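Novice: I'll drop the sequence and a predicted model, then ask my questions.
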Amino acid sequence: MATSTEIQAMRRAIALSAHGLGTASPNPPVGCVILNRQGRLVGEGYHQKKGDAHAEGNALRAAGASARGATAVVTLEPCNHVGRAPACRELLINAGVSRVVVALIDPTSRGSGGVAELRKAGVEVETGVLAEEAGVVLGPWLTALRTGTPAVTWTYLVSGSNSDEIPHLDRVRRGYDAVLFPDGRFEEGIRGGHGTDTFALPPHAVDLGSADLLKSLYAGGVRSLLLAGRSNPLMERLAAAGLIDEIFAYLPDNGPSSGAAEDWTLIPIDFKVIEIHRVQDHVRVRALRRQA
């Protein structure tokens, strides 16, 4: 059973993992915390982008010799294969870690899996710790993995369609791999502070069928897509096809309407409101698609 210190460390690892949103794809955003034998945090890390060190590698490098006999707390099962980065289970074993606490098992794990290999090497492993909370960050990646299409979020003003007016768009877009604007323009999210580059799409991508478009984006490495604004017909097609997973609708905080408004509906009927907050000069409504 995970200790209270390990649970707190897992929550920190989950928060760290979110630093990889918008940059880690097609790899998952993962966080890791290293606790020494006295329960003191001696190293932490997250996975920023494909080809760079994984969360465990960064955390172990930060911990140095303090990793021997320590506990590694990680949001996703340590990988069991060598790619551009070494296998994380091997790094943990070589560092002398004695215990590993895992939130979620990796559905892409190869062979017997990182957890099985760690146990085979004599490392104590506990799984399922704060799995639901870890899914807050890993959820879009897991959804995309299951469907073969990016997880799609739609954000818009209830009145008006200019994406530039959407509150906090510049900050919000950092958490997504690609953004579709009302004028049909696709861009990559802001990856690792290196600026924004136009996302490479097949010719006439906006003319593709909704499912084909999302599949092409997935093939290009996109695991999360942000739709910004309401006026693009493609967005309406994605909504009608049931391909949008989450909505953030903003209602301007200017009091009740005194006249007839053409477009006054908040969200499509097949979504369920789960959060409503007042955010500066808007009310923000978050909704998720109802499960069949």
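Specialist: Yes, it's here. Numbers count the residues shown, from 1 in each chain.
Novice: Leaving out chain neighbours, which residue sits closest to residue 3?
Specialist: residue 39 (7.6 Å; C-beta to C-beta, 6 or more residues apart in numbering). C-beta here means a position set from N, CA and C on the backbone, and glycine is covered the same way.
Novice: Does that neighbour touch residue 7 like I think?
Specialist: No - with contact defined as C-beta atoms under 8 Å, residue 39 does not count as touching residue 7 (11.6 Å).
Novice: Would you map the strands across the stretch 51-200 of the chain?
Specialist: Assigned by DSSP state E, counting those that start in this stretch, the strands in the stretch 51-200 of the chain fall at 71-76, 99-104, 124-126, 151-157, 178-180, 186-188.
Novice: From the chain's centre, how far out is the fourth one? Work that out for me.
Specialist: Think strand 151-157. What separates the centre of strand 151-157 from the centre of its chain is 14 Å, taken as C-alpha atoms, centre = their mean, to the nearest Å.
Novice: for it, packing partners?
Specialist: helix 131-147, strand 224-228, helix 233-240, strand 246-252 (3 or more C-beta pairs under 8 Å, 6 or more residues apart in numbering; DSSP states H and E).
Novice: Can you tell me the strand partners of that strand and which way each runs?
Specialist: Strand 151-157 sits in its sheet next to strand 224-228 (parallel), strand 246-252 (parallel), going by DSSP bridges.
Novice: Report the buried residues of the longest one.
Specialist: Applying a neighbour-count criterion of 16 or more other C-beta atoms under 10 Å, one finds 246-251 buried in strand 246-252.
Novice: What are the buried residues along stretch 100-113?
Specialist: 100-104, 106, 109, 113.
Novice: nope, stretch 31-50 is what I was after
Specialist: Quick answer for stretch 31-50 (16+ other C-beta under 10 Å): 31-36, 41-48.
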